[in-house]
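[1] got a structure for you, letters missing:
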């Protein structure tokens, strides 16, 4: 784990926090894979989240998704729009929670 989180170093996150980022994404994946259809979770992981980008701004982590996440998974996994949107939203929330936990940052209230 990083000594102490430095928001300025997070600007170059892959140089300073690569292992922590991998751990946060992996932990979120494992949590989601335990609760949801593994084909859907793998599909989201491989077609959407593989091009997502975590940011730390104004004291908060957020995960920016690539354009058209629904279109990216279409054809790869059969899932209705509502299930996809709800699952993706929860997955992103879990990643963000894991970023706080893994990097030792208190979540704003």
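    Arrived safely. Remember, predicted model here, so these are calculated numbers, not experimental data.
[2] any idea how far residue 97 is from residue 67?
    24 Å (CB to CB, to the nearest Å). Every C-beta, even on glycine, is put in place using the N, C-alpha and C of the backbone.
[3] More neighbours: these two, which one.
    Comparing residue 97 with residue 67 by other CB atoms under 10 Å, the one with more neighbours is residue 97, at 16 against 7.
[4] what sits against that one?
    Residue 97 is in contact with 28, 107, counting by CB atoms under 8 Å, 6 or more residues apart in numbering.
[5] Let's see that with 10 Å instead.
    Contacts for residue 97 (CB atoms under 10 Å, 6 or more residues apart in numbering) come out as 24, 27-28, 31, 61, 107.
[6] Need the buried ones from those selected in ChimeraX.
    For the buried members of the contacts of residue 97, the matching ChimeraX selection, counting by 16 or more other CB atoms under 10 Å, is:
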select :24,27,28,31,61
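[7] can the contacts of residue 97 go into a markdown table with extra columns for secondary structure?
    A markdown table is the format used below for these (DSSP: H, G, I helix; E, B strand; the rest coil):
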| residue | secondary structure |
| --- | --- |
| 24 | helix |
| 27 | helix |
| 28 | helix |
| 31 | helix |
| 61 | strand |
| 107 | coil |
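[8] mind checking which helix or strand the residue most central in space within the chain is in?
    The residue lying closest to the centre of the chain (CA atoms, centre = their mean) is residue 95, at 3.7 Å. Using DSSP states H and E, residue 95 sits in helix 81-103.
[9] Verify the contact between residue 24 and residue 96 for me.
    Yes. With contact defined as CB atoms under 10 Å, residue 24 reaches residue 96; the gap is 8.7 Å.
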